[in-house]
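J.: Show me the folded form of this:
(2 chains)
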2 protein chains.
Amino acid sequence: MERKIAIQGIKGSFHHQVAKEYFNESKNLIECMSFDELVKNVLDDDRNLGIMALENSIAGSIIPNYALIDFNKLHIIGEHYLDIRMNLMALPGQTIEDIREVHSHPMALLQCKKFFSRYPHIRLVEDADTAETARRIRDKELSGIGAVASKVASEMYELSVLAENIHTITSNKTRFVIVKAQNSVIPKPDIDKVSLKFELEDMQGSLAGILNVMNEYRLNLTKIQSMPIIEKPWQYSFFIDITFDKYADYENARTTLQQMTKEFKVLGEYKKGVV
Amino acid sequence: MERKIAIQGIKGSFHHQVAKEYFNESKNLIECMSFDELVKNVLDDDRNLGIMALENSIAGSIIPNYALIDFNKLHIIGEHYLDIRMNLMALPGQTIEDIREVHSHPMALLQCKKFFSRYPHIRLVEDADTAETARRIRDKELSGIGAVASKVASEMYELSVLAENIHTITSNKTRFVIVKAQNSVIPKPDIDKVSLKFELEDMQGSLAGILNVMNEYRLNLTKIQSMPIIEKPWQYSFFIDITFDKYADYENARTTLQQMTKEFKVLGEYKKGVV
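T.: Presented below is the predicted three-dimensional model:
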């Protein structure tokens, strides 16, 4: 038994592309039809890895995935930025006028909203995965149905690309993280990024104090997001990412930060990806 | 001609419920099938108001709506928190086993993910609006199709509720904002909340400085979210909400904050809603 990589969606998905780029491999993949299933595969075998989309410059943070990582105590051991390019594809021999319905992942449809507003005759239908729709169009030879997916998917399932790069914003980077059930031993000099979660009683002054400490220890903030805590009115949890040159700086700051916050949690210590 | 209120979706939608609770009226509504259409109606007539969902304790901020407000220079003139309760409904005489497909808004489906994982025979289909699906089931007498919508929608379109409160988290507050093309004149003593957007060159230290100023002027932070700026690598924009007791405190802080940031913009000054 080898370690496996759980991806959201089937081969040809954007998660598959991340597996190729980050691990340089396409075998030993577990195709998962939901992030819940993906997490289950990661929890079932300590050796397994999972790839999860976490944020995106258009839709912001994918909070449900943050919640899955947090709730299931997964460890973020790496990250990868992928330039997402969306393409409209269908069975060969059709034009865009022949397409009545386009199926895709909700995030993909959202990113192509502007393009589809020019084609009011096309109905948009949410689907679990971009590549899976492409495969189904091929398997069932569905005329009149289009998929929004990666170019790899069009090649894999032999579909014609009717329109290339149909997402609204030209550069559309999505941040993916690599997760494990148990922490990997990453050599400290290789660690230059950390994802944290903590709670504060009240934001008045307390968050300023946190940022002052980070600044003092030369930690650079690359992401901050507050979330109201449903069960505790007027309290907030924070998702924060920091980068640094020296692990020792972070280590020293961590002790102080732990004392200043509640429910302090390290979601992962890893090497930052190339944006 | 009277001023109108543009809502996302048709009557029976959660936006309609906000119109009822906030303005205490159900007439003069403009039913919009997208937020783009809603914004167009607000821009077309200065007197018109719009109601837009902006954040949610499960999915986080609805960044595309922030972008619409920002890009179209709308003014936030009020906010309202609604406790969203999701119900599964269908034509009378059917059981949950008879339902093959459930149509609803993607956000509604996301919030009921756990409930539907117990019914793998049900296919989830994205739709523009929760109430519109309920109306279509009634109009076309669609058997085997369910809608996830508000209880008001089930009453309005005479559907049977097959399951009540099917969203995962019991208390599911969504924050809505009231927007206008031109700023309303709200008396300063009534203003106790402000939404800001600004850019920072680099987060190292600069955000800490901002929060220190806010703290000095007794401003309370209730939301902070960083967003990478696609066209400007390593720069960030921030969406920040603050509350305060005295308008003068905010007014004094604003001058300083304007000098410390770039592209400083007041998205709205208004009276805070009851959470």
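
J.: Now do the SS call for residue A:36.
T.: Following DSSP: H, G, I helix; E, B strand; the rest coil, we place residue A:36 in the helix state.

J.: now the stretch 51-200 of chain A, which segments are flagged as low pLDDT?
T.: Scanning the stretch 51-200 of chain A for pLDDT under 70 picks out A:58-59, A:170-171.

J.: can we see that at 80?
T.: Within the stretch 51-200 of chain A, the segments meeting pLDDT under 80 span A:56-60, A:106-107, A:128-129, A:169-172, A:184-185.

J.: Identify the residue of it closest to chain B, quick one.
T.: Distances between the stretch 51-200 of chain A and chain B by Cβ to the nearest Cβ are smallest at residue A:126, namely 2.7 Å. (C-beta placed from N, C-alpha, C; glycine too.)

J.: give me the beta-bridge partners of that residue?
T.: Taking DSSP bridges as the rule, residue A:126 bridges to residue A:104.

J.: Please give me every residue in contact with it.
T.: Residues in contact with residue A:126 (Cβ atoms under 8 Å, 6 or more residues apart in numbering or on different chains) are A:103-106, A:109, B:106, B:109, B:124-126.

J.: Would the helix or strand harbouring residue A:266 count as contacting chain B?
T.: Residue A:266 belongs to strand A:262-270 when assigned by DSSP states H and E. No - between strand A:262-270 and chain B, judged by Cβ under 8 Å from any Cβ of the partner chain, nothing touches; the nearest distance is 15.9 Å.

J.: Out of the contacts of residue A:126, which is nearest to residue B:47?
T.: Ranked by distance to residue B:47 (Cβ to Cβ), the contacts of residue A:126 are led by residue B:106 at 31.8 Å.

J.: isn't that closest one right next to residue A:106, touching?
T.: Yes - look at residue B:106 against residue A:106 with Cβ atoms under 8 Å: they come within range, at 4.6 Å.

J.: if we can go back for a sec, buried ones in the strand holding residue A:266?
T.: Going by neighbour count (16 or more other Cβ atoms under 10 Å in any protein chain shown), the buried part of strand A:262-270 is A:266-270.

J.: With stretch A:131-151 instead?
T.: By neighbour count with 16+ other Cβ under 10 Å, stretch A:131-151 contains the buried residues A:131-138, A:142, A:145-151.

J.: Straight-line length of it, end to end?
T.: By Cα to Cα, to the nearest Å, the extent of stretch A:131-151 from end to end equals 10 Å.

J.: is any part of that stretch close to chain B?
T.: No - Stretch A:131-151 is not in contact with chain B by Cβ under 8 Å from any Cβ; minimum separation 12.5 Å.

J.: I'd like the distance from that stretch to the chain centre, please.
T.: Mean C-alpha position of stretch A:131-151 versus that of the full chain (Cα atoms, centre = their mean, to the nearest Å) differs by 23 Å.

J.: so how far is residue A:128 from the nearest residue to residue A:10 once chain neighbours are set aside?
T.: Among residues not flanking residue A:10 along the chain, residue A:31 sits closest, at 4.5 Å (Cβ to Cβ, 6 or more residues apart in numbering or on different chains). Residue A:31 is 11 Å from residue A:128, where distance means Cβ to Cβ, to the nearest Å.

J.: which neighbours do the two share?
T.: residue A:9.

J.: Tell me where the stretch 101-250 of chain A has strands.
T.: Applying DSSP state E, counting those that start in this stretch to the stretch 101-250 of chain A gives strands spanning A:101-104, A:123-126, A:145-149, A:160-163, A:173-180, A:193-200, A:220-228, A:236-243.

J.: which residues are contacting the longest helix seen in chain A?
T.: Across chain A, the longest stretch assigned as helix under DSSP state H is helix A:247-260. With contact meaning Cβ under 8 Å, 6+ apart, helix A:247-260 is reached by A:188-189, A:191-192, A:194, A:196, A:198, A:206, A:209-210, A:213-214, A:216-219, A:242, A:244, A:264, A:266.

J.: Using ChimeraX, define a selection of the buried residues within those residues.
T.: Applied in ChimeraX, the following selects the buried portion of those according to 16+ other Cβ under 10 Å:
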select /A:191,192,194,196,198,206,209,210,213,214,217,219,242,244,266
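
J.: residue ranges of the helices in the stretch 51-200 of chain A, please?
T.: Here the stretch 51-200 of chain A has its helices, by DSSP state H, counting those that start in this stretch, at A:63-71, A:106-111, A:113-117, A:130-139, A:151-156.

J.: tell me the most buried of those helices?
T.: helix A:130-139 (a mean of 23; mean count of other Cβ atoms under 10 Å in any protein chain shown).

J.: Okay, angle between it and strand A:145-149 too, please.
T.: Helix A:130-139 runs at 150 degrees relative to strand A:145-149, counting by axes from the mean of the first three to the mean of the last three Cα atoms, to 10 degrees.

J.: of all the contacts of residue A:126, which comes closest to residue A:82?
T.: Nearest to residue A:82 out of the contacts of residue A:126 is residue A:105 (Cβ to Cβ; 14.2 Å).

J.: excluding its backbone neighbours, what's nearest that closest one?
T.: Residue A:105 sits nearest to residue A:130 (Cβ to Cβ, 6+ apart), 5.1 Å away.

J.: surely the one you found meets residue A:111?
T.: No - contact criterion Cβ under 8 Å: residue A:130 and residue A:111 do not qualify, at 10.7 Å.

J.: neighbouring contacts of the host helix or strand of residue A:50?
T.: Using DSSP H and E, residue A:50 maps to strand A:49-56. Contact partners of strand A:49-56, identified using Cβ under 8 Å, 6+ apart, comprise A:3-8, A:14-15, A:18-19, A:22-23, A:35, A:38-39, A:41-42, A:61-62, A:65-66, A:68-69, A:74, A:77, A:79-80, A:84, A:107, A:172-180, A:223.

J.: ok, now stretch A:265-275?
T.: By Cβ under 8 Å, 6+ apart, stretch A:265-275 touches A:69-70, A:74-81, A:173, A:175, A:177-179, A:186, A:190-198, A:239, A:243, A:254, B:233.

J.: if we can go back for a sec, between the strand holding residue A:266 and helix A:63-71, how many degrees?
T.: For strand A:262-270 against helix A:63-71, the angle by the same axes, to 10 degrees is 100 degrees.

J.: contacting residues around residue A:89?
T.: Residue A:89 neighbours (Cβ under 8 Å, 6+ apart): A:134, A:137, A:146-149, A:153-154, A:159-162.

J.: Break chain A down into its structural domains.
T.: Following the assignment in automatic domain parsing, chain A carries domains at A:5-83+A:172-180, A:87-163, A:193-268.

J.: Which of those sits closest to residue B:119?
T.: Distance to residue B:119, taken as Cβ to Cβ, is lowest for domain A:5-83+A:172-180 among the domains of chain A, at 14.1 Å.

J.: Distance from the chain centre to the closest one, please.
T.: 6 Å.

J.: That one spans what distance, first to last residue?
T.: Terminal residues of domain A:5-83+A:172-180 are spaced 10 Å apart (Cα to Cα).

J.: Look up which residues are beta-bridged to the residue nearest to residue A:92 when sequence neighbours are not counted.
T.: Spatial nearest neighbour of residue A:92, excluding adjacent residues (Cβ to Cβ, 6+ apart): residue A:160 at 4.4 Å. Residue A:160 forms beta bridges with residue A:90, as assigned by DSSP bridges.

J.: How many residues are close by residue A:160?
T.: Residue A:160 has 13 neighbours, counted by other Cβ atoms under 10 Å in any protein chain shown.

J.: can you redo the domains of chain A as CSV with distance to residue B:250?
T.: Listed next are the domains of chain A as CSV, based on distance: least, Cβ to Cβ, whole Å:
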stretch, distance to residue B:250
domain A:5-83+A:172-180, 26
domain A:87-163, 34
domain A:193-268, 14
